[in-house]
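K.L.:
fold the following.
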Amino acid sequence: MTTTPRPALRRSAAGLGVLALGLGTALVTVAPAQAAEARDVVADSGDVSWGYKESFRRYVGNQTAALGTPEPMGERITLVAPGQFDESATPASSTNTSTPNETLPWLLPVTGGSFTSADEFTVESEGGAAFHFPTHYFDVTIANVDVEVSEGAATLVADVSAEVTGSFGEWEAGTYGGTDIEFATATGVDATVDGDTLSVSLSGLTTTEAGAEALPLYGAGDPLDALSLTAELDTAPVEWSPALQVSQAESLDPDATTTITVDGSGFDPAANVNSAGRPPVAANQPSGVYVVFGKFAEGWQPSAGAERETRTVLSQKWALPEPSYTQVKNDYPNVADQLVLMDADGTFTAELEAGLSEDGSGSYGIYTYAAGGAAANAAQELGVPVTFAAPGADGEGDVGVGVEVPETEDPVDPGAFSWTINGTGAVSLGTAVETEAAFTAAGALHQVTVEDTRPGGSWAITGSTTDFVGGASSFAGSALGWTPAVTSGDAQAGAPVAAGSGAGLSETATLASGTGETDAETVAVDADLELSIPLDTPAGDYSGVLTLTAVG
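P.N.:
This is a model prediction of the structure:
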């Protein structure tokens, strides 16, 4: 901002002050159930490490000749391609001399899956192992083990087959198994993501009812070996959340032009493609956004079909990403001074000249919307209200009126009333916190001071707020409430107004009131501000205007 700082706003007698509740940081940072986006698990980027059940591997690997000729070592447990033995692990039997030891757990290559969060993901694998024990009448295969985690609970899904050629113990001759059997569940799930690497450990694995039916070696609830896996996730998708921050949005000097610095962030540089082929941007290249100070009517958004006449542009810059920025700058040097570069991360900085104008109608503000040749983009249609201090009383065309009042021996001092909104800039309520009932945020109103020395005079300060707007989204001013307090002087604080209950501060409420004859003692009025925002409010930066009115 290039204007010279001014003292705090003051008014004599009845007056009006406007205080914008702008937000320097995101007011609502995460919308419930909308923040996560699935990422793919990269194929051939890791392995599932498992071995079904150590005691079973030992049992099959240590076959004896008690009931007949056992399978040769190395042919008792064989792999289902592309599975491999995990030679870094400990074998179930040290007496099995096969190379590699066939009682080792297995490494099953990851073939894909999806990841939303540590509580919601699927990792698929391929390969497995076959257990051959002809003297005990069975041939069993476990393969293609997938790990499915939903709401933090893990299930192992596998293809299982068992050929039983004779009754043995509780086994009865027959064919068992199936594909995609929900074979086991885990009581412990430890899933972490470091960069793009997913690491998972499952403990407390037990056979399910379906698993026991598909492979009747062990009953439901029987413990199985722990499982671990690693895999790579594809690059996290960029979540574009357009937002604006302005250097000054309230109490601008009505008698001067103010340079406002606008910082944009979260704008998708690849959006707003010039599919119409309209110059100056080359056809099928991104055309960025217009960054405007102007007077816009309610319902100005192009995405809602608003006509150009609803938008009176008073100062404009054009935020363009590469390569469009360089192309337009080189091909159309006459518009080069209007261009600002939108970086690859969706940020830009623009300076706009803001001043009062008789042109157009609507509300002053800083606005962005898709630039020429591109289709309307509601996500990038943002608006930040801009307000001006009340203009001064002097100026050309004043007509002087004079009268002489004779002196008296004891002139009466009529006294005076004045009030001040202390502090400058918007009130930041920071980042809202999600609770079970709402997003909540809190802050403090700039302190208001009042002086009233008029005999028999009285005064009151009231306030009301607009809706809060963030791009194409908004929430009602009733979300804002306050708790006034007179912290010094002789006055009466207004009643508290609950946030998010009833009308809130969308209807006029009293901040404080008092009478004159206080011997010029200053009355200081403060207020705690609180927001209670609906949980379905989309993420973004929101701002509104709280108007304080003094009557005295």
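K.L.:
C-alpha only now, for contacts and for neighbours.
P.N.:
OK.
K.L.:
which non-adjacent residue is nearest residue 548?
P.N.:
residue 463 (4.4 Å; C-alpha to C-alpha, 6 or more residues apart in numbering).
K.L.:
sec struct for the one you found, please.
P.N.:
Counting by DSSP: H, G, I helix; E, B strand; the rest coil, the backbone at residue 463 sits in strand.
K.L.:
please report how far it lies from residue 365.
P.N.:
21 Å (C-alpha to C-alpha, to the nearest Å).
K.L.:
same check on residue 450?
P.N.:
For residue 450, the distance to residue 365 equals 30 Å [C-alpha to C-alpha].
K.L.:
tell me which of these two has more neighbours.
P.N.:
residue 450 (26 against 20; other C-alpha atoms under 10 Å).
K.L.:
got the contact list for that one?
P.N.:
417, 418, 419, 420, 522, 523, 524 (C-alpha atoms under 8 Å, 6 or more residues apart in numbering).
K.L.:
so what does the one helix or strand the second one maps to touch, helix or strand wise?
P.N.:
Okay, so that is residue 418. Residue 418 belongs to strand 417-421 when assigned by DSSP states H and E. In this structure, strand 417-421 makes packing contacts with strand 9-12, strand 448-452, judged by 3 or more C-alpha pairs under 8 Å, 6 or more residues apart in numbering; DSSP states H and E.
K.L.:
for the last one, C-alpha coordinates in PDB please.
P.N.:
Right, the one you point to is strand 448-452. The C-alpha trace of strand 448-452 is given here as PDB (Å, rounded to 0.1, in the frame of the first residue of the first chain):
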ATOM      1  CA  VAL A 448     -13.600   1.500  20.500                       C
ATOM      2  CA  THR A 449     -13.100   4.600  22.600                       C
ATOM      3  CA  VAL A 450     -15.800   7.300  23.300                       C
ATOM      4  CA  GLU A 451     -15.800  10.800  24.800                       C
ATOM      5  CA  ASP A 452     -19.000  12.600  25.600                       C
END
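K.L.:
can you map out the helices along the stretch 51-200 of the chain?
P.N.:
54-61 (DSSP state H, counting those that start in this stretch).
K.L.:
any stretches of the stretch 351-500 of the chain with poor pLDDT?
P.N.:
Counting by pLDDT under 70, the stretch 351-500 of the chain shows low-confidence ranges at 391-414, 423-425.
K.L.:
same question, the stretch 201-350 of the chain
P.N.:
In the stretch 201-350 of the chain (pLDDT under 70), the answer is 237.
K.L.:
can you give me the helices for it?
P.N.:
Assigned by DSSP H, counting those that start in this stretch, the stretch 201-350 of the chain shows helices spanning 209-214, 324-331.
K.L.:
helices or strands up against the last one?
P.N.:
It refers to helix 324-331. strand 339-342.
K.L.:
at 10 Å what do you get?
P.N.:
Helix 324-331 sits against strand 311-321, strand 339-342, with contacts defined as 3 or more C-alpha pairs under 10 Å, 6 or more residues apart in numbering; DSSP states H and E.
K.L.:
which ones are touching residue 503?
P.N.:
Listed by C-alpha atoms under 10 Å, 6 or more residues apart in numbering, the contact set of residue 503 reads 476, 477, 478, 479, 480, 481, 497.
K.L.:
now do the buried residues in the host helix or strand of residue 443.
P.N.:
In this structure, residue 443 sits in strand 439-444 according to DSSP H and E. Neighbour-count burial for strand 439-444, counted by 16 or more other C-alpha atoms under 10 Å, picks out 439, 440, 441, 442, 444.
K.L.:
can I get those in JSON lines with distance to residue 254?
P.N.:
Below are the buried residues of strand 439-444 laid out as JSON lines (distance: C-alpha to C-alpha, whole Å):
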{"residue": "439", "distance to residue 254": "36"}
{"residue": "440", "distance to residue 254": "35"}
{"residue": "441", "distance to residue 254": "32"}
{"residue": "442", "distance to residue 254": "31"}
{"residue": "444", "distance to residue 254": "27"}
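K.L.:
would you confirm that residue 360 contacts residue 308?
P.N.:
No. At 11.5 Å, residue 360 does not count as touching residue 308 under the criterion of C-alpha atoms under 10 Å.
K.L.:
quick one: which of the two has more around it?
P.N.:
Neighbours were counted for residue 360 and for residue 308 using other C-alpha under 10 Å; residue 360 has more, 16 against 12.
K.L.:
so where does residue 383 fall, helix or strand?
P.N.:
Residue 383 belongs to strand 382-385, assigned by DSSP H and E.
K.L.:
flag every buried residue along that strand.
P.N.:
Buried-residue list, strand 382-385, by 16+ other C-alpha under 10 Å: 382, 383, 384, 385.
K.L.:
which residue packs closest to residue 524, ignoring adjacent ones?
P.N.:
Here the residue nearest residue 524, using C-alpha to C-alpha, 6+ apart, is residue 449, at 4.5 Å.
K.L.:
beta partners for that neighbour?
P.N.:
residue 420, residue 524 (DSSP bridges).
K.L.:
how many residues are close by it?
P.N.:
Residues near residue 449, counting by other C-alpha under 10 Å: 19.
K.L.:
distance-wise, check it relative to residue 211.
P.N.:
For residue 449 relative to residue 211 (C-alpha to C-alpha), the value is 75 Å.
K.L.:
gap between stretch 506-517 and the chain center?
P.N.:
Remark: stretch 506-517 is offset 38 Å from the chain centroid, using C-alpha atoms, centre = their mean, to the nearest Å.
K.L.:
cool, and stretch 529-536?
P.N.:
Counting by C-alpha atoms, centre = their mean, stretch 529-536 comes out at 15 Å from the chain centroid.
K.L.:
can you list the buried residues in that stretch?
P.N.:
Across stretch 529-536, burial judged by 16+ other C-alpha under 10 Å covers 529, 530, 531, 532, 533, 534, 535.
K.L.:
then stretch 264-284?
P.N.:
Residues of stretch 264-284 classed as buried under the neighbour-count rule (16+ other C-alpha under 10 Å) are 264-269, 271-274, 280-283.
K.L.:
got those residues as TSV, with distance to residue 433 columns?
P.N.:
Compiled in TSV, the buried residues of stretch 264-284 are given as follows (distance: C-alpha to C-alpha, whole Å):
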residue	distance to residue 433
264	23
265	21
266	21
267	24
268	26
269	30
271	30
272	33
273	36
274	39
280	44
281	42
282	44
283	44
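K.L.:
quick one on the thing from earlier: joint contacts of residue 360 and residue 308?
P.N.:
residue 296.
K.L.:
ok, back up a step: counting neighbours, what do you get for the residue nearest to residue 548?
P.N.:
21.
K.L.:
can you count the residues close to residue 66?
P.N.:
Counted with other C-alpha under 10 Å, residues neighbouring residue 66 total 8.
K.L.:
tell me the confidence at it?
P.N.:
Note on residue 66: pLDDT of 76.
K.L.:
would you list the phi and psi of it?
P.N.:
phi -60, psi -40 (degrees, to the nearest 10).
K.L.:
of the contacts of residue 450, closest to residue 217?
P.N.:
residue 524 (80.9 Å; C-alpha to C-alpha).
K.L.:
so the closest one touches residue 485, yeah?
P.N.:
Yes. Using C-alpha under 10 Å, residue 524 makes contact with residue 485 at a distance of 8.6 Å.
K.L.:
which neighbours do those two have in common?
P.N.:
491, 512.
K.L.:
circling back to that earlier point, residue 493: which of the helices and strands packed on helix 324-331 is closest?
P.N.:
strand 311-321 (41.4 Å).
K.L.:
and that closest one, which strands flank it?
P.N.:
Its sheet considered, strand 311-321 pairs with strand 289-296 (antiparallel), strand 339-342 (parallel) by DSSP bridges.
K.L.:
for the stretch 51-200 of the chain, give me the ranges with low pLDDT.
P.N.:
In the stretch 51-200 of the chain (pLDDT under 70), no residue qualifies.
K.L.:
for it, just list every one of the strands.
P.N.:
Assigned by DSSP state E, counting those that start in this stretch, the strands in the stretch 51-200 of the chain fall at 77-80, 84-85, 106-117, 120-125, 128-133, 138-150, 153-164, 174-186, 188-194, 197-203.
K.L.:
got it, and the stretch 451-552 of the chain?
P.N.:
458-465, 468-470, 473-475, 480-488, 492-493, 509-515, 523-533, 544-551.
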